[in-house]
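J.: Using only what follows, build the 3D model:
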Amino acid sequence: MDLALTPEQEMLKAAARRFVQQECPKETLLQIASPDETTPLEIWQRLAGTGWLGILIPQEYGGEDGSFTDAGVLFEELGRGPVPGPHLSSGVLAALAIREGGTEQQKRDWLPRIASGEVRLVPAITEADYGWYAGDVRMTARQSGDNCILEGTKAYVFDGGDASHYLAAVRSEADNEVGLVLVPADSAGVHSRQLPGFNWNTSEILFDNVEIGPESVLGGSWAGGWDSLERAMARAIPVLSAFQVGGCQAVYELSVEYSRTRIQFGTPIGRFQRVQDHVINLVNQLDAARWTAYEALWKLDTGRDCADSIHLAKAVGSEGYYQACNFAHEVHAGVGSMTEYGLTLHTAALPDPLPLPRRPEIPSPPAGRSPRVVAEAAGCESSPRRIKSGDKQKGHDETVPLFFPG
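T.: Below you'll find the predicted structure:
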């Protein structure tokens, strides 16, 4: 396994880093960090002008035809910002879903516009009863002549406020199949509401009696739409993991610099053993996230079986970004919580917009091991991680999710 970057990838990495430094400095990101703000169109247009939004789109459809490792290198640098906008939602997940399940005409209609940034196609999958399985989809499509009428509400839609179009998961009333539909955000009956709170740019989207034509159904059929989405998610997850690696790298560099320049008791705090412990723990999380992400990307590029590596990259990257931010806050103490410092940009970016692509098979537990421990070892999305409550009198364990979804 060779995870070394090629000279072309090193050039891409340097160019992407310059873009983030020049176009998305901390001061700019802080100005748009409010939960009520969407990504300014100027930043999106500058990013689109680089051509990078089409990095995973074939050249015949107006893209760059890059490898998954190329995409990982790019999005690692965008994650250092972290640069906001639907670049992951539209340029990666939605583009891959159209590549996987779209008709030839849909590919020619949509992929060039995604690559140019003209279209910001945001997947709208989850609903109030949060889940990433076909059985969780309650939004319906009712046949009306040749057209369909959409009814339902999508919740926790990542980048929903930045969308020009939605790629929505819908259940057909006719055959109960779950498919994907392409819906303009300005269609009659489509209403978007930004969700308040600590989360990063999530929305609730109401589809109230929205009429679409048959050309809007991905692949021209309800059957197979959800399978296309799952295949796209499996390929998008390592790119998201690389984005999280970039975030880990940024908070590591912030923490090291602060430990060198913050003077206490007449010496830099980086000389104190406990601060060094936090930095070392941060490095361990960063390295684990980096190597698992790039192994999964390498396997995608070389055609190897990568299901296990995708699960591992997802689990390690999500947990690693979370823990890296925690250790960074330990290094910084109070100053890290000040918005103007910049560390909270990453803390707010923690929620994870993608699930594991499919629940892994969990073997029967060996004698003496609980099903929960076995599930956790298998990388199951919903398996909890046991944490001792510390309350001896209560005599029970608390649980927390393995991932931290939006």
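J.: By mean pLDDT, point me to the weakest helix or strand of the chain.
T.: When the helices and strands of the chain are scored by mean pLDDT, DSSP states H and E, strand 397-401 comes last with a mean of 31.
J.: tell me the domain ranges of this protein?
T.: The chain breaks down into these domains under automatic domain parsing: 7-119, 123-226, 227-363, 364-406.
J.: Please verify my assumption that E64 contacts L74.
T.: No: E64 is not in contact with L74 according to Cβ atoms under 8 Å; the separation is 9.6 Å. For the C-beta atoms, the positions are set from N, CA and C on the backbone; glycine is no exception.
J.: who has more neighbours, the two?
T.: Between E64 and L74, counted using other Cβ atoms under 10 Å, the more crowded position is L74 (30 against 20).
J.: residues in contact with that one?
T.: By Cβ atoms under 8 Å, 6 or more residues apart in numbering, the contact set of L74 is L12, K13, A16, W52, I55, G66.
J.: Start from the N-terminal end of the stretch 51-200 of the chain and give the strands.
T.: Using DSSP state E, counting those that start in this stretch, the strands of the stretch 51-200 of the chain run over 121-124, 140-144, 147-158, 165-172, 178-184, 190-194.
J.: The last one pairs with which strands, parallel or anti?
T.: Right, strand 190-194. strand 202-212 (antiparallel) (DSSP bridges).
J.: Just the mean pLDDT for stretch 92-105, thanks.
T.: Mean pLDDT, stretch 92-105: 96.
J.: coming back round to it: which of the strands of the stretch 51-200 of the chain sits closest to K299?
T.: Among these, the nearest to K299 by Cβ to Cβ is strand 121-124 (23.8 Å).
J.: Tell me the strands beside that closest one, with direction?
T.: In the sheet, strand 121-124 lines up against strand 165-172 (parallel) (DSSP bridges).
J.: who touches the strand it pairs with?
T.: Contacts of strand 165-172 (Cβ under 8 Å, 6+ apart): 94, 97, 119-125, 134, 137-141, 148, 150, 152, 154, 157, 160, 177-185, 190, 205, 207, 218, 222, 225-226, 229.
J.: Need the buried ones from those selected in PyMOL.
T.: Restricted to buried positions by 16 or more other Cβ atoms under 10 Å, the PyMOL selection for these reads:
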select buried, resi 94+97+119+120+121+122+123+124+125+134+137+139+140+141+148+150+152+154+157+160+177+178+179+180+181+182+183+185+190+205+207+218+222+225+226+229
